[in-house]
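Peer 1: next comes the sequence, and after it the predicted model I'd like to discuss.
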Amino acid sequence: PEAPVGWPASLRQEPAPQAAPVVKVKEWNGAQKLFLSQLEKIEAACKGRMQALKECSSEEECARATLGMDLCFAETACPKEAKNFMQALESDKGVDAAHERMLDCCRKFRADGEKLFK
């Protein structure tokens, strides 16, 4: 029999939709939690530096903003290298080498963090 006008075309009882299967979420291990915590600290500490980097317009301004962001990142991820870089800047001795060591440490921090989630 057909449904009355204005009623759904089928009056048959449809089976209740099946609940989605429960997906078990993997818990982060200690090293992963530490890495994520450090990233959160970096994000909070370097918010202004990130904004300056986004808004820079000249080559000199962007170079300064990049250096500021690198140093801010390193202060959390590589505090020893950041401190050594600042000392090199203040003494004007070994600045390039200290800067490169700081950047190498930051790259290693990122690479090691990525490996944690593979």
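Peer 2: Right, received. Where do you want to start?
Peer 1: longest helix anywhere in the protein?
Peer 2: helix 95-116 (DSSP state H).
Peer 1: state the mean pLDDT of it.
Peer 2: Averaging pLDDT along helix 95-116 gives 95.
Peer 1: and that helix, C-alpha only, in CSV?
Peer 2: Written as CSV, here are the backbone C-alpha positions of helix 95-116 (Å, rounded to 0.1, in the frame of the first residue of the first chain):
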residue,chain,number,x,y,z
VAL,A,95,79.5,34.2,16.0
ASP,A,96,79.1,32.2,12.7
ALA,A,97,80.2,28.9,14.2
ALA,A,98,78.0,29.4,17.3
HIS,A,99,75.0,30.3,15.1
GLU,A,100,75.6,27.2,12.9
ARG,A,101,75.8,25.0,16.0
MET,A,102,72.6,26.5,17.3
LEU,A,103,70.8,25.9,14.0
ASP,A,104,72.2,22.3,13.8
CYS,A,105,70.8,21.6,17.2
CYS,A,106,67.4,23.0,16.2
ARG,A,107,67.3,20.9,13.1
LYS,A,108,68.2,17.8,15.1
PHE,A,109,65.5,18.6,17.6
ARG,A,110,62.9,18.8,14.8
ALA,A,111,64.2,15.6,13.1
ASP,A,112,64.3,13.6,16.4
GLY,A,113,60.8,14.8,17.2
GLU,A,114,59.5,13.7,13.8
LYS,A,115,61.1,10.3,14.3
LEU,A,116,59.1,9.9,17.6
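Peer 1: how about residues contacting that helix?
Peer 2: For helix 95-116, contacts defined as CB atoms under 8 Å, 6 or more residues apart in numbering pick out 29, 31-32, 35, 38-39, 70-71, 73-74, 77-78, 81-82, 84-85, 87-89. Bear in mind the C-beta positions are built from the backbone N, C-alpha and C, glycine included.
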